[in-house]
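Peer 1: Build me a model:
(chains A and B)
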Protein chains: 2
Amino acid sequence: MSSESQAPSSASEPCRAPPPLPEQVKDEDSKSVSKKAAKKEAAKQEKLRKKQQEAALAAAAASMSVEEEDPLSGSYGDAPLSELESMSEEEITKWTEVGSLTSALSGNSVRISGRAQTIRAVGKNMAFVVVREKGSTVQCVVTVQPEVVSRQMVRYVAGLSRESIVDIEGLVTVPNVPIKGTTQQVEIQVKKLYCVSKAMPTLPINIEDAARSEIEIEKALQAGEQLVRVNQDTRLNNRVLDLRTPANQGIFRIQHQVGKIFRQFLESEGFVEIHTPKTLGGTSEGGAAVFRFDYKGQPGCLAQSPQLHKQMAICGDFGRVFEIGPVFRAEDSYTHRHLCEFTGLDVEMVIKQHYSEVMDIVDRLFVTIFDSLNSNCEKDLEAVGRQYPFEPLKYLRNTLRLTFEEGVQMLKEAGVEIDPLGDLNTESERKLGQLVLEKYGTEFYILHRYPLAVRPFYTMPCRDNPVYSDSFDVFIRGEEIISGAQRVHVPELLEERARACGIDVATISTYVDSFRYGAPRHGGFGVGLERVVMLFCGLNNIRKTSLFPRDPLRLAP
Amino acid sequence: MSSESQAPSSASEPCRAPPPLPEQVKDEDSKSVSKKAAKKEAAKQEKLRKKQQEAALAAAAASMSVEEEDPLSGSYGDAPLSELESMSEEEITKWTEVGSLTSALSGNSVRISGRAQTIRAVGKNMAFVVVREKGSTVQCVVTVQPEVVSRQMVRYVAGLSRESIVDIEGLVTVPNVPIKGTTQQVEIQVKKLYCVSKAMPTLPINIEDAARSEIEIEKALQAGEQLVRVNQDTRLNNRVLDLRTPANQGIFRIQHQVGKIFRQFLESEGFVEIHTPKTLGGTSEGGAAVFRFDYKGQPGCLAQSPQLHKQMAICGDFGRVFEIGPVFRAEDSYTHRHLCEFTGLDVEMVIKQHYSEVMDIVDRLFVTIFDSLNSNCEKDLEAVGRQYPFEPLKYLRNTLRLTFEEGVQMLKEAGVEIDPLGDLNTESERKLGQLVLEKYGTEFYILHRYPLAVRPFYTMPCRDNPVYSDSFDVFIRGEEIISGAQRVHVPELLEERARACGIDVATISTYVDSFRYGAPRHGGFGVGLERVVMLFCGLNNIRKTSLFPRDPLRLAP
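Peer 2: This is a model prediction of the structure:
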């Protein structure tokens, strides 16, 4: 606090939610500047505001003019940008989520807010609006009724554009026949309807097209009908619309759940969450896979993983740490499973005796995550499955562990010859996944004791046979998803291993020096959040599980 | 899964914990390459390994030679890099955390692992080792005893360097007199002691120096003794050592708790955790405060906040979202409260009626966080307070809300004249904090309805008086910590406001377009994790609450 005098202004302090745009980025001194300029600007603003208000009033008057003679005109129309007052207790209780509308509420008056997914007029006296909120949908009926709903109101509703946001007040009823095409089996008899925000009449993609499964498209084709298929790039270019499909609503709620259980489990095991820097000094890094930039005159680069810093946290006595954060890879990988930026789930921990302690955590952590998804995300998994059908993941209560040697032997017996001291390629990984599923009935297993030669230089060699290493990979549905190991904690051995791998020891001095002040035995693992969700749901592309994916070609939106 | 054929290799897949170094970054094709090269490399490795093993055995033999004649030599010495087997059930139960060692365990045999914080020999028959684990300390006594502890063992222990990692087996006893200088009030009568990792004999900073409070230094000075004061830069340059102090152990456990409660509270309120991209297209961004880089041939920059994308998630129908992630500011701010990279806690939510709904969340969220810190982090807060004394934060059960006008009035009455439509500068913020504390007895409060002219262009103007805006700042101990507002969700008004602020609308088209497909009323806020911890604990520098801080001059370690 005493150094406050060093901070004459706080205009661009980190905590202030910043504007996404350059012109809004204030200088360090702008607060005092803006203070002086503020009065002038405020006067200018007031003028502009008044002008704008008048324009808005005029526009509102114009749009209302056709309904001027309607005594019920207060029950519908364009909503103001905000209300003047916060909600009363009564108002709060009236608001109901679309997903919570059940027959138990029959006869109740409710308020809902959501999107007008479809609008259909039936003659001049009736209109149907399907309202969608967070992927749940309900049918709302607007029928002319004396002193409640006017013809003008029906006309107003019929004229709404799809995906507009509407606030509705009405009565919950249960129709005699089941309602097709909505998630909720009740109807709302509309009394009031206000439009909060109008969508453009023509959208780049229609939600129902974006929500369609391949099976539907194929079926329709067989019946001679050509339905719209929205391709991946169109989806991603219009991600704000694409995210509204039930499958996408489900995918990102599942992603949330994975992160939540990951944390909860590790916290319960005594792990501390850390946040390591993503900007690193550039001199000791290299290779094509690194994003480089100028850091205030110093060479900088983006962290490819929190590897170094999570190990430093262990040397800093935190015992067990984890991190959830972005990881950057400037790789030219145009595959279904690579991104240039993804969310890394990283773990590092003190090992008392043996690297199996790390595998124990992996085992229990992921069984807990899978169990939780199956029991808490049923609706979301269903929503994903409707568009992208998949079989539930098969996994055991105690995760199967095979040594690399055993894996090689299984492949050999199945007629697949591979180098017993090389790495597995994607094809043999997939084959081994099949063999394991047949023999052990699981699509989730750990392969450990990898050959030392195919692991990074900082991997601990096996004490009983240094051709192998204290390391492991974990597979889901035949694809590698987690990589982990015990690390070399002795600086002399680390340097020796680096040299053996052809690394100039001088370039890694910061890393090695971290272990010179006493370092416990330790190890850890890393996994990509997007990949966990992709493989659990059997999706075919990692771009489906990244909110706004980044690949070598895509840097927007 | 069907596009697997597009992924011929998975050598550098995102999930694999990557090496921190360039030479380890494999190409897309390296897996097949390494497969071929692996055998050759493996043979080479085996040779090297054998050579190394022989050297290690020779070294071990040399270090043991002096004790050759000791029949108890199996009870001490250098531990192997890892054990051959995982722990048995019996071994697992024996391991005890230093922090859990209490008189209740008296008479029990335990195993502990930690650092030799201090080593003191008393003659040739006795040595004391204070062992520290995660900030907790215990005194261990090594006394010559027939068939248990030899003189050679005492000599080995006395020769250990400070901060080395030791595994100890021994008996818990309760001494007759209280033990000064350790956190635990028991002793360990050592039977076995193995050194896992040796620290360099001379360390860049001593932990006891780094853990010393200013008060101690001053007191000693008055008594004529000059104690070592470790300055901030020396600490940060040797962060791995600095982090081991009790205060730092506490700070980062408190930080963990803030993040944990932030999430738990928001989850319980229906918020979904999102991960937005930190790499953005560079053309629409500008200003000096942005880190720019080449993104595979496109101009890219690092996100200054998740502002745009969290609003897009709202337009994508997630209703309520939050994010915990790094935020990058290339500012030349050399103050006690600015960093170039920090952890942003961001929230965005649909507003039903009024921006007070956002303030309601802020209110309950932070009261919950503060309550939780006070009740769950007592030990950690104490540890911080011992080195950096502070008064507990004063806050109310229902957070005080003042309008900007009311704040200006309070300042005016206290003789501080400020522009009623300008912004507050740091000095008046601090003064207002004092006045609020005196009048309302709280150091945590919300100031809302800021003048529109001092807020970003996307801030919603107040409906009843557009000179003001639907926005707020939140203060802790007189410093602004949170900034929030209702956003403009109508594209036409957004463009108008941008123009009024002198922004070229063409440069913000992506942002504006997100609201063209129907956008609910929404708002949110942002806060820096490091700043919450700094101000809650009354610390004087934000570098103290960042694990590995980044400022304009510091990009390492």
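Peer 1: pLDDT at residue A:22, what is it?
Peer 2: We have a pLDDT of 32 for residue A:22.
Peer 1: same deal with residue A:89?
Peer 2: pLDDT for residue A:89: 83.
Peer 1: and what of residue A:85?
Peer 2: For residue A:85, the pLDDT comes out at 85.
Peer 1: Show me what the longest strand seen in chain A is packed up against.
Peer 2: When chain A is parsed with DSSP state E, its longest strand is strand A:109-122. On a contact count with 3 or more Cβ pairs under 8 Å, 6 or more residues apart in numbering or on different chains; DSSP states H and E, strand A:109-122 meets helix A:89-94, strand A:126-133, helix A:151-158, strand A:165-173, strand A:187-197, helix A:207-210. Yep, even glycine has a C-beta here, placed from its N, CA and C like the rest.
Peer 1: at 6 Å instead, please
Peer 2: Applying 3 or more Cβ pairs under 6 Å, 6 or more residues apart in numbering or on different chains; DSSP states H and E, we find strand A:109-122 packed against strand A:126-133, strand A:165-173.
Peer 1: Mind listing what's buried along it?
Peer 2: Judged by neighbour count using 16 or more other Cβ atoms under 10 Å in any protein chain shown, the buried positions of strand A:109-122 are A:110, A:111, A:112, A:113, A:114, A:115, A:116, A:117, A:118, A:119, A:121.
Peer 1: Can you redo these as TSV, where the extra columns are distance to residue B:325?
Peer 2: As requested, the buried residues of strand A:109-122 are arranged in TSV below (distance: Cβ to Cβ, whole Å):
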residue	distance to residue B:325
A:110	36
A:111	34
A:112	32
A:113	28
A:114	29
A:115	28
A:116	33
A:117	32
A:118	36
A:119	38
A:121	46
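Peer 1: I'd like these laid out as TSV, including pLDDT.
Peer 2: Output for the buried residues of strand A:109-122, formatted as TSV (pLDDT from 0 to 100):
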residue	pLDDT
A:110	96
A:111	96
A:112	96
A:113	96
A:114	96
A:115	97
A:116	97
A:117	95
A:118	94
A:119	96
A:121	96
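Peer 1: one step back: quick one: contacts of the longest strand of chain A?
Peer 2: A:94-96, A:98, A:127-133, A:158, A:160, A:163-164, A:166-169, A:171-172, B:518 (Cβ atoms under 6 Å, 6 or more residues apart in numbering or on different chains).
Peer 1: Over to stretch A:356-374?
Peer 2: The contact list for stretch A:356-374, computed with Cβ under 6 Å, 6+ apart, reads A:257, A:258, A:261, A:265, A:351, A:395, A:399, A:446, A:472, A:484, A:523, B:86.
Peer 1: got the phi/psi numbers for the first one?
Peer 2: In this entry, residue A:257 is assigned phi and psi values of phi -60, psi -40 (degrees, to the nearest 10).
Peer 1: ok, now how distant is the closest residue in space to it that isn't next to it in sequence from residue A:371?
Peer 2: Closest residue to residue A:257 apart from its sequence neighbours, by Cβ to Cβ, 6 or more residues apart in numbering or on different chains: residue A:377 at 5.4 Å. Separation of residue A:377 from residue A:371 (Cβ to Cβ, to the nearest Å) stands at 11 Å.
Peer 1: Just give me the neighbour total for residue A:512.
Peer 2: 18 (other Cβ atoms under 10 Å in any protein chain shown).
Peer 1: Which stretches in the stretch 251-400 of chain A count as helices?
Peer 2: Using DSSP state H, counting those that start in this stretch, the helices of the stretch 251-400 of chain A run over A:307-315, A:356-376, A:378-387.
Peer 1: The first one close to chain B?
Peer 2: Yes: using Cβ under 6 Å from any Cβ of the partner chain, a contact is recorded between helix A:307-315 and chain B, made by A:307, A:308, A:309, A:312, A:315.
Peer 1: Tabulate those (TSV), appending distance to residue A:462 and pLDDT.
Peer 2: Listed next are the residues of helix A:307-315 next to chain B as TSV, based on distance: Cβ to Cβ, whole Å; pLDDT from 0 to 100:
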residue	distance to residue A:462	pLDDT
A:307	21	93
A:308	24	91
A:309	27	96
A:312	25	96
A:315	23	97
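Peer 1: Now neighbour count too, for those residues, in a markdown table please.
Peer 2: Output for these, formatted as a markdown table (neighbours: other Cβ atoms under 10 Å in any protein chain shown):
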| residue | neighbour count |
| --- | --- |
| A:307 | 26 |
| A:308 | 24 |
| A:309 | 27 |
| A:312 | 26 |
| A:315 | 24 |
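Peer 1: what's the closest of those to residue B:233?
Peer 2: Taking Cβ to Cβ as the measure, residue A:312 is the one of the residues of helix A:307-315 next to chain B closest to residue B:233, at 17.5 Å.
Peer 1: Right, I'll leave it there.
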